[in-house]
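Engineer: sequence unknown, structure follows:
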């Protein structure tokens with residue numbers, strides 16, 4: 001549970017942000033996250049979702065709050081509205097709206113999943129002039145570098161694959177996987193010959209980061225926002241279990257699938273598998289190695 005000092009700080013900070021009194025009266029731990037401590041906090045007939053960690057994670061929470069606001073401001077898909085973030089001597093925290101989620105996979109909730117596909121397509125219509133974002137953030141607990149670039153090829157080569165493979169080398173991974181990803185990066189222009197719009201991305205859109213509220217509204221959360229190729233979001237939805245088929249029916253209606261997507265999907269998901277290799281170790285080596293080999297077979 002949270003300390004009395006943090007409870008007092010949260011009561012004061014939330015009150016200041018919502019411009020009315022709030023006293024934290026109940027704190028219920030929520031399981032499921034692997035990085036942060038999560039809680040449902042309540043008081044004055046209001047409920048919020050709270051994340052806490054040590055003060056090393058202050059920048060991560062600040063970036064997450066900014067990403068949530070960016071998605072919310074697009075007026076396309078529901079995401080928890082950030083209320084406040086900050087730190088005490090011992091903790092950093094992020095408070096956001098509490099969304100009461102039900103099961104996202106019941107037959108009766110197939111329509112919200114279709115709606116989510118339409119809403120994500122609308123979010124991807126939010127375009128910037130350059131790839132990247134205003135600030136760096138995190139993918140999981142790994143730093144995600146978002147320095148703006150006019151070239152998607154250069155952005156993905158340097159700040160996605162290049163960053164992850166350098167991190168893997170620093171983490172002690174050597175041999176074929178390092179050599180092959182570096183070789184793949186040299187030929188990346190053959191796989192990324194298109195010039196996609198810089199779309200607003202969730203950035204970490206796997207099946208664990210979406211849900212449906214009890215009132216039947218689809219929602220996404222835990223973003224790693226930046227502007228880039230919209231296919232990176234869709235590719236990740238097919239990783240780690242995938243989304244229900246009606247989601248893809250809706251999305252591809254707005255953005256017809258290109259033949260080259262199947263290769264780019266592997267390329268874009270390689271970033272996430274390399275990140276998992278760096279976060280969780282050798283259990284992801286074989287999958288990463290297989291993906292790199294498949295991609296190298298596509299280049300000349």
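Structural biologist: Arrived safely. This one's a predicted model, so the numbers in the text were calculated from it and none came from an experiment.

Engineer: when you work out contacts or count neighbours from here on, use the C-alpha atoms and nothing else.
Structural biologist: Noted.

Engineer: in the one helix or strand residue 7 maps to, what counts as buried?
Structural biologist: Element membership for residue 7, per DSSP states H and E: helix 4-18. For helix 4-18, the neighbour count (16 or more other C-alpha atoms under 10 Å) marks 6-7, 9-14 as buried.

Engineer: would you map out the domains in the protein?
Structural biologist: 4-97, 101-296 (automatic domain parsing).

Engineer: now those domains in JSON lines, with mean pLDDT?
Structural biologist: Converted to JSON lines, these look like this (pLDDT from 0 to 100):
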{"stretch": "domain 4-97", "mean pLDDT": "95"}
{"stretch": "domain 101-296", "mean pLDDT": "93"}
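
Engineer: show me the strands in the chain, by range?
Structural biologist: 26-30, 37-43, 46-53, 82-87, 92-97, 101-102, 127-128, 137-139, 142-144, 198-201, 210-213, 218-220, 226-228 (DSSP state E).

Engineer: and of these, who's closest to residue 250?
Structural biologist: strand 218-220 (13.5 Å; C-alpha to C-alpha).

Engineer: run through who's touching that closest one.
Structural biologist: For strand 218-220, contacts defined as C-alpha atoms under 8 Å, 6 or more residues apart in numbering pick out 77-80, 112-113, 115-116, 205, 209-213.

Engineer: the same query, at a cut-off of 10 Å, please.
Structural biologist: 68, 71, 77-80, 99, 101, 104, 109, 111-117, 119-120, 202, 204-213 (C-alpha atoms under 10 Å, 6 or more residues apart in numbering).

Engineer: hang on, the earlier thing: I would like the residues contacting the helix holding residue 7, please.
Structural biologist: So helix 4-18 is contacted by 1, 3, 19-27, 41, 43, 48, 50, 52, 83-96 (C-alpha under 10 Å, 6+ apart).

Engineer: filter those down to the buried ones.
Structural biologist: 22-24, 27, 41, 48, 50, 52, 83-87, 91-96.

Engineer: ok, now which ones touch residue 265?
Structural biologist: Going by C-alpha under 10 Å, 6+ apart, the list of residues near residue 265 reads 231-236, 238-239.

Engineer: ok, now with 7 Å
Structural biologist: Neighbouring residues of residue 265 by C-alpha atoms under 7 Å, 6 or more residues apart in numbering: residue 235.
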